[in-house]
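Student: My questions are about this predicted structure, shown below with the sequence.
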Amino acid sequence: MTLIASDKVISTILKHDTKVTSYKIALLRAINDVVLTYPDLRTYQSDVAVPLKLLAEFWIAYYWPFVDSNDPIQQGQRAQRQGQIINDMAFRPALTELRRQWEQVIGGLKNPADGFLLINELRSPRKHQRYPQSLIDTYQQAIAAVTKTIEMPIRYAGPGHWSIFEKPQAYNQVVSRTVAVPGTRAKDRCLIIPLDLWATFRQMSLCSHLAPGNLNFKPLLL
């Protein structure tokens with residue numbers, strides 16, 4: 001890993017963004033939302049382990065408006081590989097199917113913020129039981145697809161590979177040197193956020209482009 005001052009990390013990540021997709025913006029925003037959700041973890045004075053699946057949940061909410069089957073929002077020009085047009089977001093098919101099933105279950109008017117509603121509903125064991133198993137399975141498939149994609153901006157967050165963050169590891173491999181967000185399991189693969197960087201995100205949490213109420217982060221990349 002390259003040693004970069006914590007107050008420069010966010011600008012470094014954005015500086016080295018190719019602006020082809022919004023992955024790095026989404027990664028920063030997800031980290032920021034985790035910091036806002038668990039602000040007291042700073043009292044442990046330790047690096048923080050954040051499960052990739054928790055970041056993936058936030059990504060499902062962020063990208064929900066992009067996968068309306070009737071009016072999808074593309075992330076820039078779509079690339080081709082071996083003559084085939086590839087998805088602008090690797091997880092688009094999985095998330096599109098999740099949104100389709102969710103809208104079948106709830107009916108009524110569609111809301112761009114339904115992604116936040118969905119993840120909050122499925123985080124609650126009591127509310128979880130209200131929904132059909134097919135939706136639960138599709139949700140887990142979407143989480144898996146997004147989790148795989150999240151590793152890309154983590155790896156290329158700065159100049160070179162793994163220059164900002166170390167490779168994600170199972171929590172049981174880093175338990176001796178980190179504190180985990182509540183609910184983390186031993187085998188959960190985690191992003192390790194250094195203590196000083198956690199503090200930086202906490203200090204900058206009111207930045208408008210990372211604020212949790214702001215769904216419209218895409219224009220920052222155009």
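Tutor: Sure, I can see it.
Student: count of neighbours near Ser46?
Tutor: The tally of other residues near Ser46 (other Cβ atoms under 10 Å) stands at 15. Heads up, the C-betas are built off the backbone N, CA and C, glycines and all.
Student: Could you verify my assumption that it touches Arg177?
Tutor: Yes. The pair Ser46 / Arg177 is scored as a contact, 7.2 Å apart, by Cβ atoms under 8 Å.
Student: Show the residue spans covered by the helices in this structure.
Tutor: For the chain, helices defined by DSSP state H occupy the ranges 6-15, 23-37, 52-63, 92-106, 114-123, 125-128, 133-155, 171-174, 195-203.
Student: any idea of the angle the longest one forms with helix 23-37?
Tutor: Read it as helix 133-155. 110 degrees (axes from the mean of the first three to the mean of the last three Cα atoms, to 10 degrees).
Student: Same question for the third one.
Tutor: Taking the same axes, to 10 degrees, one finds that helix 52-63 is oriented at 110 degrees with respect to helix 23-37.
Student: From the contact counts, what lies against helix 52-63?
Tutor: For helix 52-63, the elements it packs on are helix 23-37, helix 92-106, helix 114-123, helix 133-155, strand 189-193, judged by 3 or more Cβ pairs under 8 Å, 6 or more residues apart in numbering; DSSP states H and E.
Student: Other residues contacting it?
Tutor: 26-27, 29-31, 33-34, 89, 91, 95, 98, 113, 115-116, 118-119, 123, 142-143, 146-147, 149-151, 168, 181, 183, 188-191, 215, 217 (Cβ atoms under 8 Å, 6 or more residues apart in numbering).
Student: Now the buried members of those.
Tutor: Neighbour-count burial within the contacts of helix 52-63 applies to 26-27, 29-31, 33-34, 89, 91, 95, 98, 115-116, 118-119, 142-143, 146-147, 149-150, 168, 181, 188-191, 217; the criterion is 16 or more other Cβ atoms under 10 Å.
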